[in-house]
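Enquirer: Next one to model:
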Amino acid sequence: MDPNLFKTEENHLRFLDSARGIASFMVFAMHFFEQTFIGTSTNTYISIFINGRDAVSFFFVLSGFVLSYKYLILGKPLDIKKFFVSRVFRLWPGYIAAVLLAVVAIFLINNIFTWNQFNETFVKNASHVYEEILLFRFNNNFYGAGWTLTIEMIASFIFPFFLVLAIKDVRLIQYLLIVFIVIIGKNFFFSEHFLLGILICSYYPKINNRTEIMKSRWFRYRFLFIGLAFVLFSYRYYGQLVHFPTPYTSVVNFMGWEDFSFSGLASGIFLVSIIYYQNIQRILNAKILVFLGKISYSLYLVHPSIIAMIHRLILPYIRGLGPRRLLALEGFMSLVACIGASVLLYYGLELPFIRLGKRIAARMKPSLIVGIGK
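Expert: Reported below is the predicted structural model:
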C-alpha cells in the first residue's frame, strides 16, 4: 500500500484534520447535551461515549504531532520568529471573534444589552474582557473554553525548545516526558500532552511502516492497548458511577495525576492507531469528515455561545412539542447554526488571517533557525 495515499501534494495528513473535526464535534455534542441533562446520570452515560471534555486532551496531543511533523518528518527548518508570527495569526483572530460572540450571548441571555453594560465591559473593563482577549493569565469570564487557547499559545512558545530536544535525541523527549508524569505529576500547562505528540511524530516513519512496526515487541499487544485507551479516555466519569478503592485513589493523588493525564495517554494511543491503520484513514478521508476537519477550529470556537443562545432565547418560545421532539429540534437548530457560523468564520476570518500570517512571515528576515542538522 502506498504510504503517501492519504497525503496532499504538500504532504499534509488530511485524515488528522478529520480526526480533529470529530473531536470538535464531540465537544459540540457535550455542550449541547449538558444544556438538558447536566447533573444527571443520563449526562454521565452520554459523556462516557461522547466525551467532549477529554477531547481537549486529543487536541493537545495532536497539536504536538502536527507542529512537529513539518520539521521532524519533512525536514524543514523552523525560523522561531516566523513560527511565532504564524501561530499568532493562526490562533488569535478566531479566538477574539469567539470572545466577542460570547459577550454578545451573555448580554442577550441576561437581557443586559445596554449602553451602561457596554461601558462597564469595554470602557471600564470591569470584567477584564481585554485581559481575556489578550489571553492573559487565564481570564475567562466570558468565553469559558478560552483556557485551552491560552494553553495552545503557551505551548507554541515552548515548542521550539522541545523541538531542539527531539532533533538532538528523541530519548530526551522520553526522559522529559517521564519527568513530567512521574516527578512533577501535576499537569504543567499540558506539557506532557504536547511532548507525547512530539514523541509519536518522532516515531512516525516506524509507525507508518507496517513491516517495521510489526517487529516491535509491543505490536502483539496492540488490541489490548486500544481497549485500554477507550477505558482511560473517559476515566473522569467512572468515579461518578462507582467508588474507587482508597489505596488506588491514594496512589493517584500522591502521584498528582488528574483526569486529563489518563485521557492524554489514551489520546496518544488513538493517534498511533490512526497513523497505523489505513482502514481508519480511509474512513477519515471521507469528504464530509475532511470538511468537518477544515472548519473544526471555528466550530470549537463558536459553538458554546450559539448553543446557549438557542437554548435560552429561542427554545422558550417553542411550545406544544414533547421532550424528545423538542430535544431533536434543538439539536437540529444548534447543529445548522453552528456549522453555518463556523463556515462563515473559517472563510471570512480564519483562513484570510492564516494566509496573511504566512505572507508576513515570508517577508521577515531570518532569525534563530532550528532544524535537522542545525
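
Enquirer: hey, let's count contacts and neighbours off CA atoms from now on
Expert: Will do.

Enquirer: all helices for the stretch 201-350 of the chain, in order.
Expert: 204-208, 210-213, 222-233, 235-238, 246-255, 259-276, 278-284, 287-294, 296-309, 323-345 (DSSP state H, counting those that start in this stretch).

Enquirer: Those helices: which one's closest to residue 146?
Expert: helix 296-309 (8.7 Å; C-alpha to C-alpha).

Enquirer: what packs against the closest one?
Expert: Packing contacts for helix 296-309, counted by 3 or more C-alpha pairs under 8 Å, 6 or more residues apart in numbering; DSSP states H and E, involve helix 14-37, helix 80-109, helix 323-345.

Enquirer: For residue 257, find the nearest of the ones you listed.
Expert: Closest of the helices and strands packed on helix 296-309 to residue 257 is helix 14-37, at 22.7 Å (criterion: C-alpha to C-alpha).

Enquirer: buried residues in the closest one?
Expert: Neighbour-count burial for helix 14-37, counted by 16 or more other C-alpha atoms under 10 Å, picks out 14-34.

Enquirer: got it, and stretch 115-135?
Expert: By neighbour count on 16+ other C-alpha under 10 Å, the buried set for stretch 115-135 is 121, 128-130, 132-133, 135.

Enquirer: and the least confident of these?
Expert: Across those, the bottom pLDDT score, 90, is held by residue 135.

Enquirer: ok, that residue to residue 318 distance?
Expert: 38 Å (C-alpha to C-alpha, to the nearest Å).

Enquirer: Kindly report the same for residue 136.
Expert: Per C-alpha to C-alpha, residue 136 is found 40 Å from residue 318.

Enquirer: and if you look at residue 338?
Expert: 20 Å.

Enquirer: more neighbours, these two?
Expert: Legend: neighbour count by other C-alpha atoms under 10 Å for residue 338 and residue 318, higher for residue 338 (23 against 10).

Enquirer: Buried residues, the host helix or strand of residue 358. List them.
Expert: Under the criterion of DSSP states H and E, residue 358 resides in helix 351-363. Within helix 351-363, the residues scored as buried using 16+ other C-alpha under 10 Å are 351-354, 357-358, 361.

Enquirer: Now the residue located most distally from the centre of the chain. Its backbone dihedrals?
Expert: The C-alpha centroid of the chain is most remote from residue 320, which lies 38.5 Å away (C-alpha atoms, centre = their mean). The phi/psi pair for residue 320 (degrees, to the nearest 10) reads phi 90, psi 0.

Enquirer: Contacts only, for it.
Expert: Listed by C-alpha atoms under 8 Å, 6 or more residues apart in numbering, residue 320 has no contact partners.

Enquirer: For the remainder of this discussion, apply numbering that starts at 615.
Expert: Sure thing, new numbering starts at 615, so read that last one as residue 934.

Enquirer: quick one: it and residue 940, what's the gap?
Expert: Counting by C-alpha to C-alpha - residue 934 and residue 940 are separated by 9 Å.

Enquirer: Please tell me how far residue 865 sits from residue 848.
Expert: Taking C-alpha to C-alpha, one finds residue 865 at 19 Å from residue 848.

Enquirer: quick one on the thing from earlier: buried deepest among the helices of the stretch 815-964 of the chain, which one?
Expert: helix 910-923 (a mean of 24; mean count of other C-alpha atoms under 10 Å).

Enquirer: Can you list the neighbours in contact with the helix or strand just after the helix holding residue 972?
Expert: Next along the chain after helix 965-977, taking DSSP H and E as the criterion, comes strand 983-984. For strand 983-984, contacts defined as C-alpha under 8 Å, 6+ apart pick out 691-694, 774, 777-778.

Enquirer: So which of those residues are in helices?
Expert: Mapping the contacts of strand 983-984 onto helices (DSSP state H) picks out 694, 774, 777-778.

Enquirer: tell me the contacts of residue 777?
Expert: In this structure, residue 777 makes contact with 682, 812, 984, judged by C-alpha under 8 Å, 6+ apart.

Enquirer: got JSON lines for the residues you listed, with distance to residue 870 too?
Expert: Listed next are the contacts of residue 777 as JSON lines, based on distance: C-alpha to C-alpha, whole Å:
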{"residue": "682", "distance to residue 870": "28"}
{"residue": "812", "distance to residue 870": "23"}
{"residue": "984", "distance to residue 870": "34"}
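
Enquirer: Identify, from these, the entry nearest to residue 661.
Expert: Residue 661 has its nearest neighbour among the contacts of residue 777 in residue 812, at 28.2 Å by C-alpha to C-alpha.

Enquirer: got a list of what the closest one touches?
Expert: 678-679, 682, 777, 780, 787.

Enquirer: What about those residues, which one has the most neighbours?
Expert: residue 678 leads the contacts of residue 812 on contacts (other C-alpha under 10 Å) with 28 neighbours.

Enquirer: quick revisit: can I get the helices and strands packed on helix 910-923 in TSV including mean pLDDT and distance to residue 918?
Expert: What follows is the helices and strands packed on helix 910-923, written out as TSV (pLDDT from 0 to 100; distance: least, C-alpha to C-alpha, whole Å):
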stretch	mean pLDDT	distance to residue 918
helix 628-651	94	7
helix 694-723	95	8
helix 937-959	95	9
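
Enquirer: Just put these in TSV and tack on distance to residue 893.
Expert: Output for these, formatted as TSV (distance: least, C-alpha to C-alpha, whole Å):
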stretch	distance to residue 893
helix 628-651	11
helix 694-723	31
helix 937-959	27
